[in-house]
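Participant: Fold the stuff below for me.
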Amino acid sequence: MSEFKIRSAVLERNKKITVRNLPEEELSPFECEVKIRAAGLCSSDIARAYDNGAYDYPLVMGHELAGELIRVGQNAQDEFSIGDKVCVFPLLPCFNCPSCEQKHYALCHDYSYYGSRCNGGFADRLNVNKWNLIKLPDGLNIEDCALLEPTTVALHAIEKFCLDTEKPSQICILGAGFLGLIAVQIINRFYPKCKVILVDRNKYKLDIGSKHGANCLWVGDSISWESFLSENANRFDNVVEFIGLPKTFSAAVHIASPKGLIVWAGNITGDLNLAKSQVSSILRKELTILGTWNSIYKGTDICDWTKTLDLISNGLKPSELISLRIGLDEINDTLAKLYAHKTRVKPFEVIKILVRPNA
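Facilitator: Numbers count the residues shown, from 1 in each chain. Sure, this is the predicted structure:
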């Protein structure tokens, strides 16, 4: 075991993160050691750290990450070199189940995951399997690339709609968090004839959506919410849910038009109970409901990750949605503020927070 230590923000138990040194693990021949330059803080990290959402303790979170290689395993040297800038596909598939055999790795039956099921990027360094590394083109902003993972998730959800680049269309996006806002930007670039209706209870986030061309609807109280439902029943051909609340999953069914397509993409926070009338609505409107939670990754072959890198190379700027940049020592207090905001105890207006372990 190496004498070197890895400075890490460790989730010791629910609501307690401490920064301490962990022993450096031996680098396998198929791994590379990544010096983490930037790691996004995901909304799922709030529940993981502050709502008993971790699978195991202790845990180093962080699954949205990019950095540079400082060591390269013997069996990775044909693909990577020290100094390469890389980002990380965080899912570790088993490669043996039927889904993996078909290269549907996000559907793996027995996967691990950097930052949730094993240690991740809220540390100054991380050993990563070479299969999970994608080399970054020269000249790209490392902060944009650190947000590649959530951007691919948004792209994957939007592509479910098979929008036509040449035909006018409309889509209702429920949720103006990072996923909803980057989806607005993706649609504007790929489908300029598509009208985007962005719905959220947070005016700060909606103001950002407006700047990117979305038609924004505020639903911050019961009156505005009920008005939204009544005025938009059966209206939208395309609806995507990025919020994760049972009531917004249900609302997606209500506002979808006959023959409409709904994509459920939010991490749901409670049980969804559909009334008989809602089920009948699904049947009578012949709705299509698709689920998604991740993205398609095939290394350097064409996939969500390569397409998103192309988008960033051609001007998409996920980093424009960064509200705050923090160090490892600030993670615990920042997550406490995010949890207080989420539970409506105290406002904390941010879109995306970036952790810089080596700043």
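Participant: Paired strands for the helix or strand where K259 lies, with orientation please.
Facilitator: In this structure, K259 sits in strand 256-264 according to DSSP states H and E. Here strand 256-264 is paired, per DSSP bridges, with strand 236-241 (parallel), strand 288-291 (parallel).
Participant: do you know which of the ones you listed lies nearest P98?
Facilitator: strand 288-291 (18.2 Å; CB to CB). (Glycine included, C-beta is placed from N, CA and C.)
Participant: What residues of the strand holding K259 count as buried?
Facilitator: Buried residues in strand 256-264, defined by neighbour count with 16 or more other CB atoms under 10 Å: A256, S257, G260, L261, I262, V263, W264.
Participant: among those, which two are most distant?
Facilitator: S257 and W264 (16.8 Å).
Participant: all helices for the stretch 251-359 of the chain, in order.
Facilitator: 276-284, 304-313, 331-342 (DSSP state H, counting those that start in this stretch).
Participant: ok, now the stretch 51-200 of the chain?
Facilitator: Going by DSSP H, counting those that start in this stretch, the stretch 51-200 of the chain shows helices at 98-101, 142-146, 148-159, 178-190.
Participant: Just the buried residues of the first one, please?
Facilitator: What that stands for is helix 98-101. So, applying 16+ other CB under 10 Å, buried residues of helix 98-101: S99, C100.
Participant: Could you list the residues in contact with it?
Facilitator: P93, C94, Y105, L107, C108, H109 (CB atoms under 8 Å, 6 or more residues apart in numbering).
Participant: What's the PyMOL line that selects buried ones from those residues?
Facilitator: Those of the contacts of helix 98-101 that count as buried under 16+ other CB under 10 Å are selected in PyMOL with:
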select buried, resi 93+105+108
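Participant: Can you tell me which of the contacts of helix 98-101 comes closest to L328?
Facilitator: P93 (28.6 Å).
Participant: Help me confirm that that closest one comes into contact with Y111.
Facilitator: Yes: using CB atoms under 8 Å, P93 makes contact with Y111 at a distance of 5.2 Å.
Participant: any shared contact partners between these two?
Facilitator: Y105.
Participant: Including mean pLDDT and distance to E68, could the helices of the stretch 51-200 of the chain go into CSV?
Facilitator: Shown next, in CSV, are those (pLDDT from 0 to 100; distance: least, CB to CB, whole Å):
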stretch, mean pLDDT, distance to E68
helix 98-101, 97, 29
helix 142-146, 97, 8
helix 148-159, 98, 15
helix 178-190, 96, 24
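Participant: Out of those helices, which gets nearest to L274?
Facilitator: helix 148-159 (21.1 Å).
Participant: Taking helix 178-190 as reference, get the angle to the closest one.
Facilitator: 60 degrees (axes from the mean of the first three to the mean of the last three CA atoms, to 10 degrees).
Participant: other SSEs contacting helix 148-159?
Facilitator: strand 64-72, strand 85-88, helix 178-190, helix 304-313 (3 or more CB pairs under 8 Å, 6 or more residues apart in numbering; DSSP states H and E).
Participant: okay, the angle between the last one and helix 148-159?
Facilitator: This means helix 304-313. Using the same axes, to 10 degrees, helix 304-313 lies at 100 degrees relative to helix 148-159.
Participant: what's the closest of the buried residues of strand 256-264 to I187?
Facilitator: The closest of those, once distances to I187 are taken by CB to CB, is V263, at 12.9 Å.
Participant: what sits opposite that closest one in the beta ladder?
Facilitator: Under the criterion used (DSSP bridges), V263 bridges to V240, L290.
Participant: residues contacting it?
Facilitator: V263 neighbours (CB under 8 Å, 6+ apart): A157, K160, F161, V239, V240, E241, I289, L290, G291, T292.
Participant: Could you export these as TSV, including distance to R48 and neighbour count?
Facilitator: Converted to TSV, those look like this (distance: CB to CB, whole Å; neighbours: other CB atoms under 10 Å):
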residue	distance to R48	neighbour count
A157	21	28
K160	26	17
F161	30	20
V239	28	29
V240	24	27
E241	21	27
I289	27	16
L290	26	13
G291	21	11
T292	20	17
